[in-house]
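Colleague: Okay, sequence plus prediction incoming.
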Amino acid sequence: MKLKIINSTSHWVMPRIVMGILVVLLVIIGIQRLIHCRKTGTPFIQLKNYRFFRPGWDKVKLLGGILTFVAYIYLMEFLTFLPASIISIFIFNVLFDNERTKKSMITSGVISVGFSVFIWLIFGVLFRITLP
Amino acid sequence: MFGIMNILMSFLGVVIGIIFGALPGMTATMAIAVFLPLTYSLDLGQALCLLLGLYVGGISGGLVPAILINIPGTPSSITTGFDGHPMAARGEGERALKIGITVSLIGGLISLLALFFFTPPLAKLAIKFSAVEKFLIIVFAMTVIAALSKGSMTKGVFAGFLGVLVTLIGRFFDNQQLRMVPSFLTVELGSGFQLLPVLIGLFALSQILEEAEAGMKRNPKMEGGIKGGGRKFSFSDFKGQGVNTIRSAAIGTFMGILPGVGGSAASLLSYSQAKNFSKHPDEFGKGCVDGLVASEVANNALTGGALIPLLSLGIPGDSTTAVLVGAFLLQGIQVGPLFITQNPDLWRDILLGLVVCNIIMFIVMFYPIKYIAKIINIPKNRLYPVVILMCVVGSYAIRNGNMFDVWTLLLFGIVGFVFSKTGIPAAPFLIGFILGDDFEKYFIDVLKSSEGSFAAFFNRPIGNIIWVLILISLAYAYFDNKRTKKIEAQNKA
């Protein structure tokens, strides 16, 4: 068996092979599931009882966390690293905390300002690592 | 020269590693991923000391919550709580912790001997490898991943090849052509996805997303102190543990050498073997010292073992050493067969660093154990925002300020979250991602030199030995997978 390597198209050789392997593996996974479902008498696709998230999942913390992360990226573009981090880390703290008391808000504020400034000093000033 | 800065970095790494390891939901892999950016401005010797400290501390710290609240701090301490927690429950918490810490040191040092003796000869053999053997050794690594993905062999291989496919995105080194890149991302993805944001996303951010989904619940608090009315620790506790220790260290080191195997597999195997060989197997799970020793020796022995294939062949032994590849790449050093001969000082620093880190781990954990035990009361929901901050800094700085890498971090955080939901293991994906470029390079090189003939893959004696190993590994994978599924079905019934 031969596979001639032509320079102008050589960049597609491996991706095609790997994609082929992945398709074969997906088919195998499908067949394995089919056999399993036949043996146990369960339907191949269970849309009705299918659950991607765990029962009682915390929508606010998960989706809020992802949205805050996206907002953090945009904030860094507009406000630069330090103010964007203070705001975002405060929101993350409030979001992830299970209490909404005055004390917990103050703790969130102290952590967000303290750690953002600390990280900025260590990485940005001391080690001169590029920050947004 | 291994100087005071190296010792300081080791100390810093061990202490932070212990904190990460002792908090359930935070792992040694996460610690290394998050602290990689700090190494940008250090020399490689110091950077490695910091990272090795995080590795040793992270693995060792996991025993604290496993023993005190029966929740493993890291996956590798999964079996530590089986016997450690019953000991704590009968008032022997301090004794269990001190036994665990002492044997962790012994496990770490034994695996270090294996690293010292096995890596140079393996590297010497690997120097003789042509592109054929280099390609085949990567195929072998992928099949071992399959062999050890208990009950989910196909998903393990799928994850590995998916990692290879993702790493192929970008410009091909040979003809400089772009592939699989959308037209609006040709600049950002020209050199593909960067390793650091991918691994931080997979192993740190995805973990935070999982915890967020679960509601960031607090870990149960430790009730009372670690001191109880039970038996006190004494070195006579280790009487009769010699064989158990050596066997567990051998299992941990060997499991570390195999690519894609985590500490959890090492400690589970070691624990089950200790039970099989025990004269009193019925005492296991009820606070038996043998079980605690088996678990803790094995998971720390993994640290040296996992470095053997990394430093001799360039193949990471577990997800944490896969992250270490990132550290080497950041410093422009290629790990592989030539690593030891080209970097003898660094090789010595790694060995010395591991000795120092293990000793520091022992000193830092053994004597002030009363205070170390309190780490588990730190609310992790206060630490996660800081971890996110460090993840962002690390990803942004990898290419001297590129916001696309922060988007990559978020993308792979979500990918890692989806992986865990669908049962696709992240470690084989990362190993495939790291090895993918070489996998392609050697494959193309072999075919070019043989004018496209596949016979070239079967013409070399060492290559044929690797083929035999691949076939053995595949056969083992097939039968073991079948056996595991049968046992699972029986358990369900």
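Modeller: Great, that's in hand.

Colleague: Residue B:196 against residue B:326, yeah?
Modeller: Yes: contact criterion C-beta atoms under 8 Å: residue B:196 and residue B:326 qualify, at 5.3 Å. In short, each C-beta sits where N, CA and C put it, glycine included.

Colleague: list residues touching both of those two?
Modeller: B:33, B:36 (C-beta atoms under 8 Å, 6 or more residues apart in numbering or on different chains).

Colleague: What residues does the stretch 101-250 of chain B have near chain A?
Modeller: B:154-155, B:157-158, B:161-162, B:164-165, B:168, B:172, B:174-175, B:177-180, B:208-209, B:212-218 (C-beta under 8 Å from any C-beta of the partner chain).

Colleague: Which among these count as buried?
Modeller: Neighbour-count burial (16 or more other C-beta atoms under 10 Å in any protein chain shown) applied to these gives B:154-155, B:157-158, B:161-162, B:164-165, B:168, B:172, B:174, B:178, B:208-209, B:212-216.

Colleague: In helices only, show me those.
Modeller: Among these, the residues falling in helices (DSSP state H) are B:154-155, B:157-158, B:161-162, B:164-165, B:168, B:208-209, B:212-213.

Colleague: Any stretches of chain A with poor pLDDT?
Modeller: Scanning chain A for pLDDT under 70 picks out no residues.

Colleague: so where do the helices sit in it?
Modeller: Along chain A, counting by DSSP H, helices occupy A:13-40, A:59-79, A:81-96, A:102-119.

Colleague: dump the residue contacts of residue B:314.
Modeller: By C-beta under 8 Å, 6+ apart, the contact set of residue B:314 is B:334-337, B:339, B:438.

Colleague: Okay, it and residue B:166: tell me how far apart.
Modeller: 19 Å (C-beta to C-beta, to the nearest Å).

Colleague: ok, now residue B:353?
Modeller: From residue B:353 to residue B:166 the distance is 32 Å (C-beta to C-beta).

Colleague: So for those two, which sits in the more crowded spot?
Modeller: Neighbour totals were compared for residue B:353 and residue B:166, and residue B:353 leads with 27 against 20 (other C-beta atoms under 10 Å in any protein chain shown).

Colleague: tell me what the helix or strand that contains that one is packed against?
Modeller: For residue B:353, the host element (DSSP states H and E) is helix B:344-366. In terms of contacts (3 or more C-beta pairs under 8 Å, 6 or more residues apart in numbering or on different chains; DSSP states H and E), helix B:344-366 is packed against helix B:4-22, helix B:44-61, helix B:93-127, helix B:289-313, helix B:339-342.

Colleague: Give me the contacts around the last one.
Modeller: The one in question is helix B:339-342. Under C-beta under 8 Å, 6+ apart, the answer for helix B:339-342 is B:119-120, B:123, B:127, B:311-312, B:314, B:333, B:346-347.

Colleague: Go through that helix and flag the buried ones.
Modeller: Under 16+ other C-beta under 10 Å, the buried positions of helix B:339-342 are B:339-340.

Colleague: What of stretch B:460-467?
Modeller: Neighbour counts over stretch B:460-467 (16+ other C-beta under 10 Å) mark B:460, B:462-463, B:466-467 as buried.

Colleague: what's the answer for stretch B:412-426, then?
Modeller: In stretch B:412-426, counting by 16+ other C-beta under 10 Å, buried: B:412-417, B:419-420, B:424-426.

Colleague: Please apply the same query to stretch A:18-35.
Modeller: A:18, A:21-22, A:25, A:32.

Colleague: next one: that stretch to chain centre, how far?
Modeller: How far stretch A:18-35 lies from its chain's middle: 26 Å, per C-alpha atoms, centre = their mean, to the nearest Å.

Colleague: re the thing from before, now the contacts of residue B:314 as TSV including pLDDT and secondary structure?
Modeller: TSV is the format used below for the contacts of residue B:314 (pLDDT from 0 to 100; DSSP: H, G, I helix; E, B strand; the rest coil):
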residue	pLDDT	secondary structure
B:334	78	coil
B:335	84	coil
B:336	83	coil
B:337	86	coil
B:339	87	helix
B:438	89	helix
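
Colleague: just those residues now: which is nearest residue A:49?
Modeller: residue B:438 (43.5 Å; C-beta to C-beta).

Colleague: Might you report the residue contacts of that closest one?
Modeller: B:134, B:138, B:314.

Colleague: can I get those residues in CSV with pLDDT?
Modeller: As requested, those are arranged in CSV below (pLDDT from 0 to 100):
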residue, pLDDT
B:134, 89
B:138, 87
B:314, 85
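
Colleague: Off-centre distance for the helix holding residue B:353?
Modeller: 17 Å.

Colleague: List the buried residues for whichever helix or strand comes after that helix?
Modeller: Where DSSP H and E defines the elements, the next helix or strand beyond helix B:344-366 is helix B:369-372. Residues of helix B:369-372 classed as buried by neighbour count (16+ other C-beta under 10 Å): B:369, B:372.

Colleague: what's the offset of helix B:369-372 from the middle of its chain?
Modeller: Put simply, helix B:369-372 sits 26 Å off its chain's centre (C-alpha atoms, centre = their mean).

Colleague: Quick one: mean pLDDT for the helix or strand that that helix is followed by?
Modeller: Following helix B:369-372 in sequence order, the next helix or strand is helix B:380-397 (DSSP H and E). Helix B:380-397 comes out with an average pLDDT of 88.

Colleague: if I read this right, residue B:16 contacts residue B:51, doesn't it?
Modeller: No: using C-beta under 8 Å, residue B:16 makes no contact with residue B:51, being 10.7 Å away.

Colleague: between those two, what contacts are shared?
Modeller: With C-beta under 8 Å, 6+ apart as the test, residue B:16 and residue B:51 both reach residue B:35.

Colleague: how deep is residue 120 tucked in, by neighbour count?
Modeller: This is for chain A. For residue A:120, the neighbour count with other C-beta under 10 Å is 19.

Colleague: meant chain B actually
Modeller: As a burial measure, residue B:120 scores 15 neighbours (other C-beta under 10 Å).

Colleague: And for it, nearest residue in space, chain neighbours not counted?
Modeller: In space, and not counting its chain neighbours, residue B:120 is closest to residue B:340: 5.7 Å by C-beta to C-beta, 6 or more residues apart in numbering or on different chains.
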